[in-house]
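1. just need the structure, nothing else, for what follows:
(2 chains)
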Amino acid sequence: MTAQRLTTGPVVRGVATAVALALIIVPIAIVVVTAFSPLDYFEFPPRSFSLRWFVEFFRLENMRNAFTLSLMLALIAATLATLLGTMGALFLARRRGALAALLQSLFLAPLVFPTIILGVALLLLYKTVGMPVFPGLLLAHAIVGMPYAFRTVLASAQALDPSLEEAGQSLGAGPLRTLVLVTLPLIWQGVLSGWLFAFIVSFGELNTALFLTGPGITTLPIEIFSYLQFQGSQLVIAAASTLQIALIILMVAGIERIVGMGRLIRGR
Amino acid sequence: MKGRWAVALVLPPLAAAMLLFVGPLLYLFWVSLHTPSQSELYGPALTLRNYTGVLTDPFYLGIIRRTLGVATVILCLALFLGYPVAYFVALQPPRRRMTILLLLLFPLMVSNVVRAYGWVAILGRRGVINTTLRDIGLIDVPLDLLYTTGAVVVALMTILLPYMVISIANTLSALDRRYEEAAQALGAGPVRTFLHVTLPLSTPGVASGMLLVFLLTLSAYVTITLLGGPRSKLLVSMVYDSVTAFEWPRAAALAFVLLAIALVVTGLILGVLRPRRVQGAG
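-> Here you go, the predicted structure:
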């Protein structure tokens, strides 16, 4: 009886893992494979290989614009989010107490908050103050990305030996010089991976962008969504999705080279 | 960082959080307490009718019940599939553990609309399942797999599953193996050891995995719309529909009903599992 249990345990765990990985990865793999299909319709597995849907993607003006806008948005929003997150993290790195705890939860809150509610709230606010579409989207993406940058930088800053900063100060460097010459060079890996993380979040963001995009100003995920909703699953969507995935792979490779992905997994 | 420098450091992120997060939510709440208006975003009079209207309407109550039902099923499936996977991952040697965790982490970075599209491509009338079944001669007419509640459950569960696995695996791999060895040495079988030692010690990971999966299910509008279609709408679809109909106070009230559900379930999960207490004892 016991012997049987001992052997069924690992089998169940192994099978569960294989099933879970298949369920998670197969849908993404199918999208990538069909993007290279030469046919008009969905065929799996495809019989031959073609780049026509990628050509079609860049030929369609709205797709091309959405891709460029998403890239720009992610670049600027990630920079803004990292700037704000780094400031917050440096402030809180050595602080304890109720106020520090409150600030930390405030900075992390958008991480677990149902972002669809934030999307509606921002839309209402923007309508009231007459905010134009692009800056509105930018601020929304920045606030959604900020917790990711904040958390990554905070972990780096807290791992820093405080005596290094004290040494800088005791050698006569002011707070700003210490920050620029001592602290930032020591935590730059955290700052950079925070930026990459905020970029990835912005590049795939749906729940706030859903409400905040306007006519002619649409992000790639929202463009994919409206195509799927109103024009059916044309294969140009597969090409658009594959480009989204390709960019994420580039970013992940970047994080891996800079800090190693282990940090992100443990930070989660 | 002390004094003026510290204030200069914390002021920008604090201002951003207040202006772009706390402020808009308070404003949304304010709007939810007003009468609707034809010409303005909201009318002049204060009222609770937006809330009472939602909470007494059998249609909305049905939607809320379906939302809770779907979210519960997704949560249970993710937990029962995710736990053994997390256990498997935690028992691997460090390098292989990292590889599997990377395979789980990467999909989380791909936009959910792309992952939902993957499921549309599998479940659609001309999708992978229907074409395969027709090719081997099992069916003549394609099965209606897409635009069902089942499609929403399967797609959303698998999209969110990595959160559950990574959360639990983190706790399990940090767990001191000597507790399990002690239980076995004292004569407990593998099942008893698991139920009385491993499972209670892993509650912090279980709690955070459950929280992430539940909260992300509530606001997964795009996945729910693409897989569920018009017949399997959930509460988040109602929020979106009210916005597109310019019914701002109604949309605001529905958003806060959604938030209330999120808070109550968060409280329930934390209250029942008490992750902090266990963490302290471990």
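2. contacts, neighbours, all on C-alpha from now
-> Will do.
3. who's in contact with stretch A:61-73?
-> Contacts to stretch A:61-73, defined as CA atoms under 8 Å, 6 or more residues apart in numbering or on different chains, come from residues A:57-58, A:137-138, A:141, A:202-203, A:216-220, A:223, A:240.
4. give me every residue in the stretch 51-200 of chain A lying close to chain B.
-> Contact residues, the stretch 51-200 of chain A versus chain B (CA under 8 Å from any CA of the partner chain): A:84-85, A:87-88, A:90-91, A:103, A:106-107, A:110, A:112-118, A:120-122, A:124-125, A:139-140, A:143, A:175-176, A:200.
5. out of those residues, name the ones that lie in helices.
-> Among those, the members found in helices (DSSP state H) are A:84-85, A:87-88, A:90-91, A:103, A:106-107, A:110, A:112, A:115-118, A:120-122, A:124-125, A:139-140, A:143, A:175-176, A:200.
6. put the buried members of those residues into a ChimeraX selection.
-> Selection of the buried residues among these in ChimeraX, burial being defined by 16 or more other CA atoms under 10 Å in any protein chain shown:
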select /A:84,85,87,88,90,91,103,106,107,110,115,116,117,118,120,121,122,124,125,139,140,143,175,200
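7. so B:Asn50 sits against B:Ser32, correct?
-> Yes: contact criterion CA atoms under 8 Å: B:Asn50 and B:Ser32 qualify, at 6.7 Å.
8. neighbour count for these two, which is higher?
-> Neighbours of B:Asn50 and B:Ser32, each counted by other CA atoms under 10 Å in any protein chain shown, are more numerous for B:Ser32; the result is 26 against 20.
9. if I look at the more buried one, how far off is B:Val22?
-> Separation of B:Ser32 from B:Val22 (CA to CA, to the nearest Å): 15 Å.
10. equivalent analysis for A:Gly214, please.
-> Counting by CA to CA, the gap from A:Gly214 to B:Val22 is 24 Å.
11. list the buried residues of stretch B:226-241.
-> Neighbour-count burial for stretch B:226-241 [16+ other CA under 10 Å]: B:226-229, B:232-240.
12. likewise for stretch B:14-30?
-> Buried, per 16+ other CA under 10 Å, within stretch B:14-30: B:14, B:16-17, B:20-25, B:28-29.
13. and the most centrally placed residue in chain A, what is it in contact with?
-> Closest to where the C-alpha atoms of chain A average out (CA atoms, centre = their mean) is A:Val201, at 1.9 Å. Neighbouring residues of A:Val201 by CA under 8 Å, 6+ apart: A:144-145, B:109.
14. and A:Phe150, what helix or strand is that in?
-> Using DSSP states H and E, A:Phe150 sits in helix A:133-159.
15. isn't A:Asp40 right up against A:Leu235?
-> Yes: contact criterion CA under 8 Å: A:Asp40 and A:Leu235 qualify, at 7.0 Å.
16. among the contacts of stretch A:61-73, name the buried ones.
-> The buried subset of the contacts of stretch A:61-73 - by 16+ other CA under 10 Å - is A:57-58, A:137-138, A:141, A:202-203, A:217-220, A:223, A:240.
17. of A:Asp40 and A:Leu235, who's got more company?
-> Between A:Asp40 and A:Leu235, counting by other CA under 10 Å, A:Leu235 is the more crowded of the two (24 against 11).
18. for the buried ones among the contacts of stretch A:61-73, give me TSV that also has secondary structure and pLDDT.
-> Shown next, in TSV, are the buried ones among the contacts of stretch A:61-73 (DSSP: H, G, I helix; E, B strand; the rest coil; pLDDT from 0 to 100):
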residue	secondary structure	pLDDT
A:Phe57	helix	92
A:Phe58	helix	92
A:Leu137	helix	97
A:Leu138	helix	97
A:His141	helix	97
A:Ser202	helix	96
A:Phe203	helix	95
A:Ile217	strand	92
A:Thr218	coil	94
A:Thr219	coil	96
A:Leu220	helix	95
A:Glu223	helix	94
A:Ala240	helix	93
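19. columns distance to B:Glu181 on top of the residues you listed, output as JSON lines?
-> Shown next, in JSON lines, are the buried ones among the contacts of stretch A:61-73 (distance: CA to CA, whole Å):
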{"residue": "A:Phe57", "distance to B:Glu181": "58"}
{"residue": "A:Phe58", "distance to B:Glu181": "60"}
{"residue": "A:Leu137", "distance to B:Glu181": "54"}
{"residue": "A:Leu138", "distance to B:Glu181": "53"}
{"residue": "A:His141", "distance to B:Glu181": "48"}
{"residue": "A:Ser202", "distance to B:Glu181": "45"}
{"residue": "A:Phe203", "distance to B:Glu181": "46"}
{"residue": "A:Ile217", "distance to B:Glu181": "60"}
{"residue": "A:Thr218", "distance to B:Glu181": "57"}
{"residue": "A:Thr219", "distance to B:Glu181": "53"}
{"residue": "A:Leu220", "distance to B:Glu181": "52"}
{"residue": "A:Glu223", "distance to B:Glu181": "54"}
{"residue": "A:Ala240", "distance to B:Glu181": "51"}
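20. scan the contacts of A:Val201 and report the most crowded one.
-> Counting by other CA under 10 Å, top hit in the contacts of A:Val201: A:Gly145 with 31 neighbours.
21. how near is it to A:Ile116?
-> 15 Å.
22. how close does B:Gln92 get to chain A?
-> 11 Å (CA to the nearest CA, to the nearest Å).
23. now that residue. Its backbone dihedrals?
-> Note on B:Gln92: its backbone torsions stand at phi -80, psi 160 [degrees, to the nearest 10].
24. just checking, what packs against the helix of greatest length in chain A?
-> Ranked by residue count under DSSP H, the longest helix found in chain A is helix A:2-35. Helix A:2-35 sits against helix A:235-258, helix B:58-91, helix B:94-109, helix B:112-123, helix B:149-174, helix B:190-193, with contacts defined as 3 or more CA pairs under 8 Å, 6 or more residues apart in numbering or on different chains; DSSP states H and E.
25. want to throw those into a markdown table with distance to B:Ser39?
-> Output for the helices and strands packed on helix A:2-35, formatted as a markdown table (distance: least, CA to CA, whole Å):
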| stretch | distance to B:Ser39 |
| --- | --- |
| helix A:235-258 | 38 |
| helix B:58-91 | 26 |
| helix B:94-109 | 41 |
| helix B:112-123 | 34 |
| helix B:149-174 | 37 |
| helix B:190-193 | 65 |
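26. among those helices, which is nearest B:Val206?
-> Nearest of those to B:Val206, taken as CA to CA: helix B:149-174 at 5.5 Å.
27. okay, and the common contacts of B:Asn50 and B:Ser32?
-> Applying CA under 8 Å, 6+ apart, one finds that B:Asn50 and B:Ser32 are jointly contacted by B:249-250, B:253.
28. which among those gets closest to A:Ile248?
-> Nearest to A:Ile248 out of the shared contacts of B:Asn50 and B:Ser32 is B:Ala253 (CA to CA; 36.3 Å).
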